[in-house]
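Student: Sequence and predicted structure below; questions after.
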Amino acid sequence: MGGELMSMALVGDGDEWYEVLPVPDSLHPWVSEHVVPHLNKRSVSRKAFQASLQMFLASSGKSLIIADWPDDIRYFCESLIVGPGLAINTPPLMFELDRSIEYVSAIPHNALEDARAIKRSKS
């Protein structure tokens, strides 16, 4: 099971969203070696992350969120929650978990490049 969310990306038809959260103090060595060097963007606060996500989702309309791992959907849903009993506003969202997705990412373990590759493999 994964640690804290560090980055997330959504890729639609012609639009993309990618944000990075501050890197946690304590990381598994694999994450330090394989993920952190490929974030390729400055981090934003959780509040800014959520505001940006809300704006992107609002501009996208009804959305299908596709993931290849259950934690990805969990992290996405947790990102919608801003406080006890409070969540960002979203248009209707649908989720698809497809463990059979095979893709090659231009920069493995970079959320944006992975999302682009998943989009290409599902098209």
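Tutor: Received it, and whenever you're ready, just let me know what you need.
Student: Tell me where the model's unsure across this structure.
Tutor: 1-2 (pLDDT under 70).
Student: Have a look at it and report its longest helix.
Tutor: Counting by DSSP state H, the longest helix found in the chain is helix 46-60.
Student: Pull the distance from that one to the chain's centre.
Tutor: Centroid separation between helix 46-60 and its chain, computed with C-alpha atoms, centre = their mean, to the nearest Å, is 12 Å.
Student: any idea which helix or strand comes after that helix?
Tutor: strand 63-67 (DSSP states H and E).
Student: now whichever helix or strand comes after that following strand and helix 46-60, what's the angle there?
Tutor: Once the chain leaves strand 63-67, the next helix or strand it forms, by DSSP H and E, is helix 70-80. Here the directions of helix 70-80 and helix 46-60 differ by 100 degrees (axes from the mean of the first three to the mean of the last three C-alpha atoms, to 10 degrees).
Student: outside of helix 70-80, which residues touch it?
Tutor: Helix 70-80 is contacted by residues 1-2, 5, 8, 49-50, 53, 65, 67, 87-88, 90, 95, 97 when judged by C-beta atoms under 8 Å, 6 or more residues apart in numbering. Any C-beta I mention is one placed from the backbone N, CA and C, and that applies to glycine too.
Student: cutoff 6 Å now
Tutor: Residues outside helix 70-80 that contact it (C-beta atoms under 6 Å, 6 or more residues apart in numbering) are Gly2, Leu5, Ile65, Ala67, Ala87, Ile88, Phe95.
Student: Among those residues, name the buried ones.
Tutor: Leu5, Ala67 (16 or more other C-beta atoms under 10 Å).
Student: Report all helices and strands that the longest helix of the chain contacts.
Tutor: Counting contacts by 3 or more C-beta pairs under 6 Å, 6 or more residues apart in numbering; DSSP states H and E, helix 46-60 packs against strand 16-20.
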